[in-house]
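Q: Give the three-dimensional model of this entry:
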Amino acid sequence: MSVEVQEIPCRQGHLGLLTLNAPATVNALTQDMIVAISDTLDRWADDERICILVIRGAGEKGFCAGGDIRDLYQSLTDSGNHDAAFSVFRHEYALDYKLHRFPKPVVGIGHGIIMGGGLGLFSACRYRLLTPDATLAMPEISIGLFPDVGASWFLNRLPGRLGLFMGLTGCRLNISDALRVGLADMALPANDPKGLLSRLQDESWSGRKSADDSRLFRLLNQLETGNYRALPASHLELHERDIARLCAGPSLPRIVEQLLTADIDNDWWQACMKTLKDGCPVSAWLIWNQLRKAQQMSLKDVFRMELAMVGECLRRPDLTEGIRARLIDRDQNPQWSFSRIDDVPEAVIDAHFLPVWDDQTDPMRLE
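A: Here you go, the predicted model:
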């Protein structure tokens, strides 16, 4: 079973527990998993017994590595069926939007790898808890995509143009980084998720969202979180001023040049720069534009914009080529449609932001 669904009785009320259960793929999301989660959310939203929702991932490797990229590649290459591939994204976007707006408190317990669609799912939770081994990233530039499933929303809310830096470099953040910039709310001891579930079971939940949310907030703030000084050192504490300075300015080519030529000799920084240097030039422009356009958008319009972007990415060659080079043939040498950022025509980027959907044409309406 790729998604384990449990309804756990508490002292009063019930806890809904969703466990992503595909540890061999670091719980990579397939359409079947997405539909199973979405259907469960629909049922629990109207079930008066379910008062609190918890989402976690099975296995030691991580919470969720994102969407199932190998399945996507097979869909795009074996049949050239862009409609089938787009359907997976439609369902994933509808799920994440639904989770953002779920009418009951949602707790996400993240551990290990939390990347791409996994970070989209985690960021949609009301309360985001991490274990010390967590690694968060949006590395889509490496495969010719862009930070999706709501990333335009949560990356724009990070300080000092860090969202742009994360998108362009695919930088990997540890738990200290995530707590520092608000991508997570609190740390849990590595062996604590079962202990947290037990404490949730010991509570009396009313079924009234505001009361249960207040009770949950107090409970989480009373948890023994351990010694924060023992957590891994923050990369961002060392580099956030550099990031803010180098990512400033109105020109993407200039920002990329500033980043790549910065005299910073650090393993973490150099790994970020390698991702930027080897990443897809079209993706870099998509990241630049999605963050600028999303600044004044509602959450729903952000999701619609990104889904339109996905549709164009599925039609163009870069995504298939990026997945091939990174995950299929593993030659790590993708042949992008444009070799330099300066070579990308404006019309190519503009095509990713059409159509503009409204409530009548919204593709996330799956009924």
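
Q: Flag the shaky bits of the stretch 151-300 of the chain, pLDDT-wise.
A: 190-194, 224-227 (pLDDT under 70).

Q: Go through the chain and flag its longest helix.
A: Looking across the chain with DSSP state H, the single longest helix is helix 82-100.

Q: could you say what helices and strands the helix or strand just after that helix packs with?
A: Per DSSP states H and E, the first helix or strand lying C-terminal to helix 82-100 is strand 106-110. Counting by 3 or more CB pairs under 8 Å, 6 or more residues apart in numbering; DSSP states H and E, the packing neighbours recorded for strand 106-110 are strand 50-57, strand 62-64, helix 117-123, strand 127-130, helix 193-201. (Each C-beta comes from the backbone N, C-alpha and C, glycine too.)

Q: coming back round to it: and the longest helix of the chain, what's its mean pLDDT?
A: Per-residue pLDDT over helix 82-100 has a mean of 94.

Q: Verify the contact between residue 49 and residue 14 for me.
A: Yes - between residue 49 and residue 14 there is a contact at 4.5 Å, judged by CB atoms under 8 Å.

Q: which residues touch residue 203?
A: Residues counted as contacts of residue 203 (CB atoms under 8 Å, 6 or more residues apart in numbering) are 10-12, 215, 219.

Q: Run a quick neighbour tally on the nearest residue to residue 342 once chain neighbours are set aside.
A: Nearest non-adjacent residue to residue 342, counting by CB to CB, 6 or more residues apart in numbering: residue 253, 5.7 Å away. Residues near residue 253, counting by other CB atoms under 10 Å, number 16.

Q: quick one: buried residues of the strand or helix carrying residue 253?
A: Element membership for residue 253, per DSSP H and E: helix 252-261. For helix 252-261, the buried set under the neighbour-count rule, 16 or more other CB atoms under 10 Å, comprises 252-253, 255-256, 258-259.

Q: again with stretch 287-294
A: Going by neighbour count (16+ other CB under 10 Å), the buried part of stretch 287-294 is 287-291, 294.

Q: can you check stretch 65-84 too?
A: By 16+ other CB under 10 Å, the buried positions in stretch 65-84 come out as 65-69, 71-76, 84.

Q: Just the ones of these in helices?
A: Short answer: the buried residues of stretch 65-84 in helices (DSSP H) are 69, 71-76, 84.

Q: Specify which member of those is nearest to residue 30.
A: For those, the residue nearest residue 30 by CB to CB is residue 71; the value is 6.1 Å.

Q: Please give me every residue in contact with the closest one.
A: Counting by CB under 8 Å, 6+ apart, residue 71 makes contact with 30, 88.

Q: where does it land on pLDDT?
A: 90.

Q: Pull up the gap between it and residue 289, please.
A: When distance is defined by CB to CB, to the nearest Å, residue 71 is 28 Å away from residue 289.
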